[in-house]
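>>> got a predicted structure here, sequence first:
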Amino acid sequence: MMRTRLGLALASALICVAPAMAQDTPPSPAGEVYQMGSPGGWSAYRVSFDEDGALSLDYNGTHPPLAQGRAGQWTQDAEGAVTITGEDLPLFARGTDSVRCEHWPEMDVGEYFDEPPCWWTGESSDGSYQRVE
């Protein structure tokens, strides 16, 4: 009888804690794609954050910069901070090869940033910064 009550108490505690634990999971860039540039994408950078930690950056436009088809990596620590690394990526300020965001922005597909995101430290792109996937 005592064992049954203890089991029920533990099960109840887990049921109450599980939703709270799920809410504490920080947002992640895994599977997200962003576009920076002209509305409609006629001339824009496209940054993809793959599930496996790979990052790809492409440019679609009439005069692509030298950075077309560049790749990098991203990692996320237990607290939710995201570090992005790569060589000569235009999303980084000149002379740097990484950037760290303490908190990944939580955005829905179609939403726009009001200003460049924490991971875009390079020259500002003309136009918008938007999550597209």
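Ah, there it is.
>>> contacts only, for the most centrally placed residue in the chain.
In the chain, the residue lying closest to the centroid (CA atoms, centre = their mean) is residue 29, at 2.7 Å. Neighbouring residues of residue 29 by CB atoms under 8 Å, 6 or more residues apart in numbering: 49, 74, 76, 82, 104. C-betas here are computed from N, CA, C, even on glycine.
>>> ok, the residues you listed vs residue 133, which is closest?
residue 49 (9.7 Å; CB to CB).
>>> okay, now residue 109: neighbour count?
10 (other CB atoms under 10 Å).
>>> with respect to residue 112, which of the contacts of residue 29 is nearest?
residue 104 (16.4 Å).
>>> contact partners for the closest residue to that closest one other than its chain neighbours?
Distances taken as CB to CB, 6 or more residues apart in numbering put residue 27 closest to residue 104, at 4.6 Å, once the chain neighbours are dropped. By CB under 8 Å, 6+ apart, residue 27 lies in contact with 80, 103-106.
>>> just the buried residues from those residues, in ChimeraX please.
Of the contacts of residue 27, the buried ones go into a single ChimeraX selection, burial set by 16 or more other CB atoms under 10 Å:
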select :104,105
